[in-house]
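J.: what follows is a predicted protein model with its sequence.
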Protein chains: 4
Amino acid sequence: MPAQFTYRRRVQFAETDMAGIVHFSYFYRYMEETEHEFFRSVGLSMMAVQPDGSVIGWPRVRASCVFEAPAFYDDLLDIDLIVLRRGVKSLSLRFDFRKQGQRIAHGEVKTVCCSCPPGRPFFSIEIPEAYQQVLVEGQPSPE
Amino acid sequence: MPAQFTYRRRVQFAETDMAGIVHFSYFYRYMEETEHEFFRSVGLSMMAVQPDGSVIGWPRVRASCVFEAPAFYDDLLDIDLIVLRRGVKSLSLRFDFRKQGQRIAHGEVKTVCCSCPPGRPFFSIEIPEAYQQVLVEGQPSPE
Amino acid sequence: MPAQFTYRRRVQFAETDMAGIVHFSYFYRYMEETEHEFFRSVGLSMMAVQPDGSVIGWPRVRASCVFEAPAFYDDLLDIDLIVLRRGVKSLSLRFDFRKQGQRIAHGEVKTVCCSCPPGRPFFSIEIPEAYQQVLVEGQPSPE
Amino acid sequence: MPAQFTYRRRVQFAETDMAGIVHFSYFYRYMEETEHEFFRSVGLSMMAVQPDGSVIGWPRVRASCVFEAPAFYDDLLDIDLIVLRRGVKSLSLRFDFRKQGQRIAHGEVKTVCCSCPPGRPFFSIEIPEAYQQVLVEGQPSPE
């Protein structure tokens, strides 16, 4: 894994609200997009279909975000992903949102690696080897 | 089927955009919610799991909407559903959006009834008898 | 304020994802809808236009959610709102999501009361008297 | 204007629904993103603030989409924009969605150019000269 992974995302019009800023619920989507793009960049999928038809998925256990400054339509956001903790079955990621170098928000998402058989409830599994290899606990950026 | 079915929907804050009005993409969701609430009101589901694990679903073939006046945060919208045409496998519904009695938009959605086996592509099927019975072609409201 | 405020919300089809469950980003919208419905129930608006054209708004400072069990299409969720803390300018609310009596998630949202003049940046203000009166710190439900 | 403008868009996880495909409401957002990216590519904004504080916006008059094949998580969509008609105050655009060269959907959006003064209703205006210059009616792709 690179020391840091950054995803650049343009704020879209539909993501703003009548207060003229990005609705806070979209920051959680931006974090997810960053996470998926990170795995995509190393050749892994967040919805990997297995030979038996089941899927390895990553449901969320908790997610939080701190909003320091608003984001606006057309803004280009740079979102850094840092691996906070890689457990046996769970994964905690941290995200820092920057706009022209200034941090405007930061968040954390904890997920559990799960097997999702078609039509049946999912259950937690150990993080597969291929995913473990790219998930190296990094240095969270200073608060 | 009743001569008309109306779904009342409160506009939520996150559905507005920086222009101060409901983003047009939500009108398609409002139409879908109305359709699902209609089927729910007669005891039918738009995602009915079958004994073999497959699901009867209704993917869209086309959808259109005409926007006559904006909707705002907090508005209470009344959305009328009318069955335009019930084919063997497809269904065309029309929706009229009213705000305090005044029409502000209207749209049409054409769907195809499909069987969706778990993990495999879906394919069109004849509309099941139970659904046919509640889908009586009505009089579209005057243009 | 009543000892507790509960908002009932039907999960909509568009709020699910390919894993078959409600996408986690919608829980933040459900919390906001609950908050807005609470204020609406006591005759107050979360976007109150003032005589000078400015708006009293409530941008978010932080929001978190813990997901204990998934929510599915068609589920009826009961969301309890509890006032955690009412500061001079800020407000912390807690939300408990229940499905048929069982808790499936809980979250917290901290907001700041702001004046939003048209076309200019918003700035924090003291929570107006009318809002203070209905914001009585309650007993958070047991963890 | 180039003879054709194409916007490439990755399908995100949150845009899928429990049927495993992109929810149809997102196609309207993809069309809007394509439109905004087109204007951005020629140095124009779809929310241009004027010296008097008003904004030139483009509310929708009608929008339609025909869905020919589903889009899935991770798909890379190529969306072509074609100017169907440029009126004095209105604009009709057509969008063709392709996936690996195969068309999967196409849609049309009609908008009206409006002046949106802060805090007051918007009203239609003539399309400004700078926008007219890049809006040359093209050849719609064959049906």
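T.: Structure received.
J.: now do residue A:11: how many residues are near it, please.
T.: 19 (other Cβ atoms under 10 Å in any protein chain shown). Where C-beta positions appear, they are placed from N, C-alpha and C, glycine not excepted.
J.: just how off-centre is stretch A:7-16 within its chain?
T.: 16 Å (Cα atoms, centre = their mean, to the nearest Å).
J.: go on, stretch A:50-64?
T.: 13 Å.
J.: got it, and stretch A:126-134?
T.: For stretch A:126-134, the distance to the chain centre is 16 Å (Cα atoms, centre = their mean).
J.: ok, now stretch A:68-83?
T.: For stretch A:68-83 - counting by Cα atoms, centre = their mean - the centre lies 13 Å from the chain centre.
J.: which parts of that stretch are buried?
T.: A:70, A:71, A:73, A:75, A:77, A:78, A:79, A:80, A:81, A:82, A:83 (16 or more other Cβ atoms under 10 Å in any protein chain shown).
J.: apart from its chain neighbours, what residue comes closest to the fourth one?
T.: To tie it back to what came earlier, the one meant is residue A:75. residue A:11 (4.5 Å; Cβ to Cβ, 6 or more residues apart in numbering or on different chains).
J.: doesn't residue A:14 belong to a helix?
T.: Yes. Membership of residue A:14 in a helix is supported by DSSP: H, G, I helix; E, B strand; the rest coil.
J.: and it, what does it touch?
T.: The contact partners of residue A:14, taken as Cβ atoms under 8 Å, 6 or more residues apart in numbering or on different chains, are B:17, B:23, B:25, D:29, D:32.
J.: distance check, it against residue A:6.
T.: 24 Å (Cβ to Cβ, to the nearest Å).
J.: closest one of the buried residues of stretch A:68-83 to chain C?
T.: Chain C has its nearest neighbour among those in residue A:70, at 6.9 Å by Cβ to the nearest Cβ.
J.: wait, the closest one touches residue A:104, no?
T.: Yes. Counting by Cβ atoms under 8 Å, residue A:70 touches residue A:104, with 7.3 Å between them.
J.: okay, and the helix or strand of chain A with the least pLDDT?
T.: Ranked by mean pLDDT, DSSP states H and E, the weakest helix or strand in chain A is strand A:48-49, scoring a mean of 86.
J.: tell me if I'm right that residue A:64 and residue A:108 touch.
T.: Yes. At 5.5 Å, residue A:64 counts as touching residue A:108 under the criterion of Cβ under 8 Å.
J.: ok, now how distant is residue A:112 from residue D:13?
T.: Taken as Cβ to Cβ, the span from residue A:112 to residue D:13 is 16 Å.
J.: report the inter-axis angle for the biggest helix by length in chain A versus helix C:25-41.
T.: Identified as the longest helix of chain A according to DSSP state H is helix A:25-41. Per axes from the mean of the first three to the mean of the last three Cα atoms, to 10 degrees, the angle that helix A:25-41 makes with helix C:25-41 is 180 degrees.
J.: name the helices or strands packed onto helix A:25-41?
T.: Using 3 or more Cβ pairs under 8 Å, 6 or more residues apart in numbering or on different chains; DSSP states H and E, the elements in contact with helix A:25-41 are strand A:5-10, strand A:60-67, strand A:76-86, strand A:90-99, strand A:102-112, helix C:25-41.
J.: for the ones you listed, give me a markdown table that also has mean pLDDT.
T.: Below are the helices and strands packed on helix A:25-41 laid out as a markdown table (pLDDT from 0 to 100):
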| stretch | mean pLDDT |
| --- | --- |
| strand A:5-10 | 97 |
| strand A:60-67 | 98 |
| strand A:76-86 | 97 |
| strand A:90-99 | 98 |
| strand A:102-112 | 98 |
| helix C:25-41 | 97 |
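J.: which two of the contacts of residue A:14 have the greatest separation?
T.: B:17 and D:29 (11.0 Å; Cβ to Cβ).
J.: so the two - more neighbours on which side?
T.: residue B:17 (24 against 20).
J.: thought that one was touching residue A:13?
T.: Yes. Residue B:17 sits in contact with residue A:13 when judged by Cβ under 8 Å, with a separation of 6.2 Å.
J.: who touches both of these two?
T.: residue B:23.
J.: chain C contacts on chain A?
T.: Residues of chain A lying close to chain C (Cβ under 8 Å from any Cβ of the partner chain) are A:18-21, A:24-26, A:28-29, A:32, A:47, A:55, A:57, A:59-67, A:70, A:116, A:122.
J.: for the closest residue in space to residue A:111 that isn't next to it in sequence, what are its contacts?
T.: Nearest non-adjacent residue to residue A:111, counting by Cβ to Cβ, 6+ apart: residue A:58, 4.3 Å away. Applying Cβ under 8 Å, 6+ apart to residue A:58 gives the contacts A:46, A:91, A:111, A:112, A:113, A:114.
J.: so what's the first one up against?
T.: So that's residue A:46. A:35, A:36, A:39, A:57, A:58, D:13.
J.: for ChimeraX, what selects the buried ones among these?
T.: Here is the ChimeraX command that picks out the buried ones among the contacts of residue A:46, judged by 16+ other Cβ under 10 Å:
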select /A:35,36,39,57,58 /D:13
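J.: so what's whatever residue of chain A ends up closest to chain C closest to, chain neighbours aside?
T.: Going by Cβ to the nearest Cβ, chain C is nearest to residue A:64 of chain A, at 3.4 Å. Spatially, and ignoring its direct neighbours in sequence, residue A:64 is nearest to residue C:64 (3.4 Å; Cβ to Cβ, 6+ apart).
J.: gap between that neighbour and residue A:38?
T.: Following Cβ to Cβ, the distance that separates residue C:64 from residue A:38 is 22 Å.
J.: compare neighbour counts for these two and give me the winner.
T.: Neighbour count, other Cβ under 10 Å: between residue C:64 and residue A:38, residue A:38 has more, with 22 against 17.
J.: got a list of what that one touches?
T.: A:5, A:7, A:81.
J.: wait, residue A:33 touches residue A:10, no?
T.: No. If you go by Cβ under 8 Å, residue A:33 and residue A:10 don't touch, sitting 11.4 Å apart.
J.: leaving out chain neighbours, which residue sits closest to residue A:10?
T.: Residue A:10's closest residue in space is residue A:76 (Cβ to Cβ, 6+ apart), at 5.8 Å.
J.: how much space between that neighbour and residue A:12?
T.: 12 Å.
J.: close to chain D: what parts of chain A are there?
T.: A:12-14, A:29, A:32-33, A:36, A:40, A:45-47, A:73-74.
J.: now flag whichever of the residues you listed is closest to residue B:51.
T.: Taking Cβ to Cβ as the measure, residue B:51 sits nearest to residue A:47 out of the residues of chain A next to chain D, at 27.1 Å.
J.: can you list the residues of chain A near chain B?
T.: Going by Cβ under 8 Å from any Cβ, the residues of chain A near chain B are A:13-14, A:16-18, A:20-21, A:23, A:25, A:49, A:53, A:73, A:118-119.
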